[in-house]
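Visitor: Have a look at this prediction, sequence included:
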Amino acid sequence: MQGAAEIADPLVDVRDVVETFRQYGVTLADWHKTLQVAVLALDDPQGAVSTNVLRSELSAHLRILLERGLEDQSQVVNDVATWVVRVLLETKVPGIPRPEEEDWGFRTS
């Protein structure tokens, strides 16, 4: 079974790609590989994303960007940015405190 970190890590990288493009119009050198890794993580049926619909929609939109590029795909890029944030908010990575938690200390159990 895929853990939360295995889905969160690639999506944090996707967030960097889409936000850099949205904010500065710059396409990161490794954007294509970054999106491919995220698609593989999202397509894992044992993934940690809470809803299959969200996972499949995000994966489909990442595939559109892989096929067409980021240029002239502003709505798809915006949708990806929104869904990545939503998935990251729903994904609980063990040992990493969430913003709403009072105790921000990392647990060493």
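Guide: Everything's here; your move.
Visitor: quick one, what contacts the closest residue to Asp13 other than its chain neighbours?
Guide: Closest residue to Asp13 apart from its sequence neighbours, by C-beta to C-beta, 6 or more residues apart in numbering: Thr34 at 4.7 Å. (Glycine included, C-beta is placed from N, CA and C.) Residues near Thr34 by C-beta atoms under 8 Å, 6 or more residues apart in numbering: 10, 13-14, 16-17, 28.
Visitor: Just after the strand or helix carrying Thr34, pick out the following helix or strand.
Guide: Counting by DSSP states H and E, the element that carries Thr34 is helix 31-43. Toward the C-terminus, helix 31-43 is succeeded by helix 52-68 as the next helix or strand (DSSP H and E).
Visitor: Dump that next one to CSV, restricted to CA.
Guide: C-alpha atoms of helix 52-68 as CSV (Å, rounded to 0.1, in the frame of the first residue of the first chain):
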residue,chain,number,x,y,z
ASN,A,52,-10.9,8.2,-6.4
VAL,A,53,-12.7,10.9,-8.3
LEU,A,54,-10.3,13.6,-7.3
ARG,A,55,-7.3,11.4,-8.0
SER,A,56,-8.5,10.5,-11.5
GLU,A,57,-9.4,14.1,-12.3
LEU,A,58,-6.0,15.3,-11.2
SER,A,59,-4.3,12.5,-13.1
ALA,A,60,-6.3,13.3,-16.3
HIS,A,61,-5.4,17.0,-16.1
LEU,A,62,-1.7,16.2,-15.5
ARG,A,63,-1.8,14.0,-18.6
ILE,A,64,-3.3,16.9,-20.6
LEU,A,65,-0.4,19.1,-19.5
LEU,A,66,2.1,16.3,-20.4
GLU,A,67,0.6,16.1,-23.9
ARG,A,68,0.1,19.8,-24.6
